[in-house]
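Engineer: any chance you can model this:
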Amino acid sequence: MEQKILYLECESGISGDMTVAALLDLGADPKVLTQALQSLPISGFRTVISRVKKAGLDLCDFHVILDKEHENHDHDMEYLHGHHQEHHHQEDAHGYTHEHRGLTEILHIIDHAELTVKAKETAKKIFRILAEAEAEAHGVPLEQVHFHEVGAVDSIVDIVAAAVCLDNLGITDVAVTKLSEGQGTIRCQHGILPVPVPAVMNIVKAYQLPLQITKTEGELVTPTGAAIVAAIRTMEKLPEVFTIEKAGMGAGKRTYDRPSILRAMLIRAKAEDQDLIYKLETNVDDCSGESLGYVMERLMQAGARDVHYIPVYMKKNRPAYQLNVICTKEEIQKMEQIIFEETTTIGIRRVPMERTVLRREIRTVQTPLGEAKVKVCLYGEEERGFPEYESVIALCKEHERNYQEIYQMVQKSYQHM
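Structural biologist: The predicted structure is shown next:
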């Protein structure tokens, strides 16, 4: 089975508006996005989706336009360009100030918008990541963080829009191999800050995002962009071989020595790359049987090809279990995260394994008691059929027959097809 993956190519960094534009260009429905943004319980903004040219390329542009005082604001753009005018605490109809929204108020806004459950979860996850990064940067508790940049209306719109577009495209796996960042310093509300700015640095550190410092003078990765990547990234490497199903390009607002472009690609891993399988293994000597059973359930639901335990004796003759997980290369990060979350292990061994896989397909057969599914494996000219467990059990329960009787009935029906 081929895997569909969103690949974000961040050679020119990443920001919220670049992400939304790239996803719209990739095929996210602008009508669905507009309806979702109109349901936000905030006012004083409108959005414009247009086409622009950068380096001679045709790109999608997503622009959040606020009231006159904050028009073309792009978060701290006026500081980046060296203008020192002060920010005003502009209020909207709900009495919130743009510069002083806390995490609780922002989560409340998201919860009261008409979004899917998945889009809400993604948007709130992004903001929590930002809040944690800002709290660490300023040395204050999480509940006391009041956003100057990310609390502004345009950032709420950018983040919700990104979450809505991801959900609309049905994205589950996201590959980001690196974030290209600039260098030097920028001006912001707190004065002159080094690049990467502290919030970006904290996110990169906390989520182990791969960073590449370029020779560009200026900020390529915004806190919003870094938080989006941290929230949605599931893969750190691309498949060895893949095809590109769709591509989209989003434009950024800032102008540096490289065009501000984010490319998004919907790719499919080719079957040739799946001849290699990985085994993850770890020894656990202090987890309960219930806990280990739940770990197996989570791993299988997350896409593991197989999960099994082997009784082992560890040092000092401690009885323990070795957990073994069989998965593809793309699933390693997800599997290891579950193992670290759910067990007491402090290390996981990873072994690449070549495999030979028989061609197989599922066929439906008619039995005297109803339909059943059979897994058919093909080896050269030979076919071998194996009744599917779930189908056999369903007929057993429905007709109150024993397993062996139904299994043989399905097998016989397959042989007489």
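
Engineer: so where do the helices sit in this protein?
Structural biologist: 16-26, 30-38, 77-80, 103-111, 117-138, 153-169, 198-206, 223-232, 289-301, 332-342, 389-399, 403-415 (DSSP state H).

Engineer: and those as a markdown table, adding distance to Leu8, mean neighbour count and mean pLDDT?
Structural biologist: C-beta: built from backbone N, CA, C; applies to glycine. As requested, those are arranged in a markdown table below (distance: least, Cβ to Cβ, whole Å; neighbours: other Cβ atoms under 10 Å; pLDDT from 0 to 100):
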| stretch | distance to Leu8 | mean neighbour count | mean pLDDT |
| --- | --- | --- | --- |
| helix 16-26 | 7 | 28 | 96 |
| helix 30-38 | 18 | 16 | 96 |
| helix 77-80 | 23 | 16 | 35 |
| helix 103-111 | 22 | 18 | 90 |
| helix 117-138 | 14 | 21 | 92 |
| helix 153-169 | 11 | 26 | 93 |
| helix 198-206 | 15 | 21 | 94 |
| helix 223-232 | 7 | 26 | 96 |
| helix 289-301 | 26 | 14 | 91 |
| helix 332-342 | 16 | 16 | 93 |
| helix 389-399 | 38 | 15 | 92 |
| helix 403-415 | 46 | 16 | 92 |
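
Engineer: among those helices, which is nearest Ala269?
Structural biologist: helix 332-342 (13.4 Å; Cβ to Cβ).

Engineer: in the sheet, who's paired with Ile267?
Structural biologist: Ile267 forms beta bridges with Ile5, Ile244, as assigned by DSSP bridges.

Engineer: and it, how many neighbours?
Structural biologist: Counted with other Cβ atoms under 10 Å, the neighbours of Ile267 add up to 21.

Engineer: state the pLDDT value of Pro319.
Structural biologist: pLDDT for Pro319: 90.

Engineer: would you list the helices of the chain in TSV and tack on distance to Pro239?
Structural biologist: Compiled in TSV, the helices of the chain are given as follows (distance: least, Cβ to Cβ, whole Å):
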stretch	distance to Pro239
helix 16-26	18
helix 30-38	29
helix 77-80	37
helix 103-111	33
helix 117-138	24
helix 153-169	19
helix 198-206	24
helix 223-232	18
helix 289-301	21
helix 332-342	12
helix 389-399	30
helix 403-415	35
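
Engineer: what's the distance between His399 and Ala372?
Structural biologist: Plainly put, His399 is 12 Å away from Ala372 if you go by Cβ to Cβ, to the nearest Å.
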